[in-house]
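Enquirer: what's the 3D shape of this:
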Amino acid sequence: MPKKKKLFCEINPTCYAISLKKEIIKRHIKNLLGKDKFAKTITEEKLPNIVWEIHSNMIKRAPGVDLTHQFNKAVNIKLACDKINGTIIRPGEVFSFWGAVGKTTKKKGYKEGRIIEKNKLIAGIGGGLCNLGNTIHLLVLHSPLKVTEFHKHSDALAPDEGKRVPFAAGTSVCYNHIDYRFKNTTNQNVQLLAWCEGEMLHAQLRSEKPYPYTYNLVEEEHHFKKEGDKFYRNSKIYREVFNAESGEQTGKELILNNHSEVMFDYSLIPEELIRN
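Expert: Alright, predicted model coming up:
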């Protein structure tokens, strides 16, 4: 079998850096020429209705997890939250993660955390912001807002802590061409809040008034399976829709057919969750 020809970005680190710069420039041009109107208004005054909120610990303490990178991740998330907190997204506007956060650099105070590059976990400036991107994604999934750009990475970067939470991870962001975006397709303003207190990340999606529907995420058929010499996490994640007034379920849609490469020590996979 003939050897597969390498892509330009795979030749060496310099070629990879050139390819990355090219993608960043392409996205800047696309943003300038595109028709999307990006949300830029930030206010300290909070909209009255909480659509959904999340409170999570930023520091993962599990076997094989580098705590230095975890604490650096918390620093990075706080810096990004400072750029996002209080953002108003008006009807028809689009929220762009990188449009709000900007480039992550040492000069701005960002530290080395875990990033995924060429399907491997390595250290990189601004690492860990995927956690924040995923938190925002969870808020949006519990609302009628429309996700317009989403990139998935493995949600099996480290062993689960406690009870499995659907979509606890798995949203990929990389400045600026791998973005997370959603559009306010409703008829009222919404507001995104994100802030840190100690090791905790808090996030809320607010609106001017309640929406007629509520949403819930459920995961089914969760298991691990070996394919060749690698393990993968598999599951199906659904979004259930309920009438806010009556509580009656009105719909259920598959939002992710999960097939994630396990990127932690295989010996830490719970045996009861392994299928042949």
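Enquirer: does Thr68 count as helix, strand or coil?
Expert: Reduced to three states with DSSP: H, G, I helix; E, B strand; the rest coil, the structure at Thr68 is helix.
Enquirer: burial count for Gly247?
Expert: Other residues lying near Gly247 total 8 when counted by other Cβ atoms under 10 Å. Placement of C-beta: from N, CA and C, glycine included.
Enquirer: what about Pro91, which helix or strand?
Expert: For Pro91, there is no helix or strand it lies in under DSSP states H and E.
Enquirer: Could you find the closest non-adjacent residue to Gln188?
Expert: Using Cβ to Cβ, 6 or more residues apart in numbering and skipping residues adjacent in sequence, the residue nearest Gln188 is Glu208, 4.5 Å away.
Enquirer: ok, now Phe242?
Expert: Once its chain neighbours are removed from consideration, Phe242 has its nearest residue in Thr214; the separation is 4.9 Å (Cβ to Cβ, 6+ apart).
Enquirer: give the contact list for the one you found.
Expert: With contacts taken as Cβ atoms under 8 Å, 6 or more residues apart in numbering, Thr214 has the following neighbours: 142, 241-242, 244.
Enquirer: Point out where this structure drops to low pLDDT.
Expert: Across the chain, the ranges flagged by pLDDT under 70 are 1-4, 6-10, 16, 118-119.
Enquirer: At which residues are the helices of this structure located?
Expert: When assigned using DSSP state H, the helices of the chain occupy the ranges 13-33, 67-84, 97-101, 129-141.
Enquirer: what packs against the third one?
Expert: Taking 3 or more Cβ pairs under 8 Å, 6 or more residues apart in numbering; DSSP states H and E as contact, the helices and strands that helix 97-101 lies on are helix 67-84, helix 129-141.
Enquirer: Do you have the strands of this protein handy? List them.
Expert: 41-42, 49-57, 87-89, 94-96, 112-117, 120-125, 146-149, 181-183, 190-197, 200-207, 213-227, 230-243, 249-261, 274-275 (DSSP state E).
Enquirer: what is the orientation angle of the longest one with strand 230-243?
Expert: Per axes from the mean of the first three to the mean of the last three Cα atoms, to 10 degrees, the angle that strand 213-227 makes with strand 230-243 is 170 degrees.
Enquirer: From Gly99, how far out is Ile88?
Expert: For Ile88, the distance to Gly99 (Cβ to Cβ, to the nearest Å) stands at 14 Å.
Enquirer: Same question for Asn216.
Expert: Counting by Cβ to Cβ, the gap between Asn216 and Gly99 amounts to 29 Å.
Enquirer: who's more crowded, those two?
Expert: Looking at Asn216 and Gly99 with other Cβ under 10 Å, you find the greater number of neighbours at Gly99, namely 18 against 14.
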